[in-house]
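K.L.:
Just a sequence and a predicted model for now, questions to come.
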Amino acid sequence: MSRKPSPTRRSPRPAPKKTGAPRKANPRRRETAPVGRRIAAMGAGLLTMLGLAAVLVVLGAVWIYQGPGPAARSGDVTTVVLRRGASLPEIASSLEQAGVIRSSSLFLTAAQTTGAARRLKAGEYEFASRASLRQVLAKIRDGKIVRHQVTIAEGLTSDMVVDILMRAPELTGTVPTPPEGSILPETYQVQRGEDRAAVLQRMMDARDEALDRLWAARQPGLPYETKDQAVTMASIVEKETGLARERPHVAAVFINRLRQGVRLGSDPTIIYGLTRGRPLGRGILQSELQRQTPYNTYLIEGLPPTPIANPGKAALAAVLNPMKSDDLYFVADGTGGHVFASTYEEHERNVAKWRQVERSKAAAQAGVAGAAKGPPQARSGAGG
């Protein structure tokens, strides 16, 4: 009987002998890790530096934009006129040349970055010394221009108003004399370079607006057929008294005279007929009282053909809402006001008192000046 051969057993592989020599490391693995770390570290450092640089740039830009600007070359402010239609580079150059900003390039950048470039407005500007770029830009963007004033006093003639406009150095152009009484005396805001004709039109529009409002609220039964007649009466009241409290009373006197067919007898109308309202510089002569002009209300019936001045709102209001009174006369009282009377006899007594005041004043003046001139002839305000 045969036997199957038994499987051969493999003897275990002997363990390698320790030789004591170190194993060789993979050179590629040893070099790759340190280089990557160095690159990452360098990248992080670069990013940090870039971040710091960006922060410094931002801080610098904020400082330039909001920090103090140059000092004014003289005084506390610098005035710059930016013409209408000027381009952005021209505006920047004008500001730099005036010493308002340090750099036109920085102004251009700030204007474009903030969106103000398309909203800059022409005009005259005053910039405080050391104004920041932000303040300069905001002022021009918001149009905070220098405003000048033209004051028209109550009672000036239209010729006088034109003279004032023509003497205003900040205005331009010429302007004709408008109709008498068509201007509202006020203080008007104007800007450098504004046309005189445009300013005058504003004055006339203001008069129309005020007159329309007062006419709509007028007392019933007044002896005016038109607004122009009311303006003419207001111009006489304006020239007769400078006291606001007296205007409604003076208006009542003239309205009563107009209703009763009594001549107005107003001295200022005589002067207007002689000089177009320019001061005489003296009293009215007897011959001038008898001189025939369309404005001599001692000789003509009713109102003169046009106003004799430009009345203010108070005078317009007075003739459209006069006080209730039966008075027909008034004369100066020697204190800057007037005394009123409803009868001619009472008026004559008041005139006599006023003549005494005039004589006393004339004597005092003659004593000071050493002259021996007699007092001027007294005239009443209405109905002498």
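P.N.:
That came through, no problem.
K.L.:
how long is stretch 69-89 end to end?
P.N.:
Using C-alpha to C-alpha, to the nearest Å, one end of stretch 69-89 lies 19 Å from the other.
K.L.:
And for stretch 274-292?
P.N.:
By C-alpha to C-alpha, one end of stretch 274-292 lies 10 Å from the other end.
K.L.:
Tell me the secondary structure at the residue nearest the centre of the chain.
P.N.:
The centre of the chain sits closest to residue 189, judged by C-alpha atoms, centre = their mean, with a distance of 2.8 Å. Here residue 189 is recorded as strand under DSSP: H, G, I helix; E, B strand; the rest coil.
K.L.:
Quick check, it in contact with residue 147.
P.N.:
Yes - using C-beta atoms under 8 Å, residue 189 is in contact with residue 147, at 4.7 Å. Heads up, the C-betas are built off the backbone N, CA and C, glycines and all.
K.L.:
I'd like the mean pLDDT over stretch 162-169, please.
P.N.:
When pLDDT is averaged along stretch 162-169, the result is 96.
K.L.:
Name the residues that touch it?
P.N.:
Residues from elsewhere that reach stretch 162-169 (C-beta atoms under 8 Å, 6 or more residues apart in numbering): 148, 150-152, 156, 171, 174-178, 190, 196, 199-200.
K.L.:
Tell me which residues touch residue 288, please.
P.N.:
270, 274.
K.L.:
Where does it sit, in terms of helix or strand?
P.N.:
For residue 288, the element it lies in under DSSP states H and E is helix 286-289.
K.L.:
So which elements touch the helix or strand just after that helix?
P.N.:
Next in sequence after helix 286-289, counting helices and strands by DSSP H and E, comes helix 313-320. Counting contacts by 3 or more C-beta pairs under 8 Å, 6 or more residues apart in numbering; DSSP states H and E, helix 313-320 packs against helix 196-216, helix 227-240, helix 247-260.
K.L.:
Next secondary structure after helix 313-320?
P.N.:
strand 329-332.
K.L.:
Show me what the helix or strand just after that next one packs onto, helices and strands only.
P.N.:
Counting by DSSP H and E, the next helix or strand C-terminal to strand 329-332 is strand 338-341. Helices and strands touching strand 338-341, by 3+ C-beta pairs under 8 Å, 6+ apart, are helix 247-260, strand 329-332, helix 344-369.
K.L.:
Out of these, indicate the one that is most buried.
P.N.:
With neighbours defined as mean count of other C-beta atoms under 10 Å, the helices and strands packed on strand 338-341 peak in mean count at strand 329-332, which reaches a mean of 24.
K.L.:
Turn the helices and strands packed on strand 338-341 into JSON lines, including mean pLDDT and distance to residue 97.
P.N.:
Putting the helices and strands packed on strand 338-341 into JSON lines (pLDDT from 0 to 100; distance: least, C-beta to C-beta, whole Å) gives the following:
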{"stretch": "helix 247-260", "mean pLDDT": "96", "distance to residue 97": "54"}
{"stretch": "strand 329-332", "mean pLDDT": "92", "distance to residue 97": "60"}
{"stretch": "helix 344-369", "mean pLDDT": "83", "distance to residue 97": "58"}
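K.L.:
Pass me the low-pLDDT residue ranges in this protein, would you?
P.N.:
The chain contains residues with pLDDT under 70 at 1-33, 35-36, 40-41, 43-45, 47-63, 367-384.
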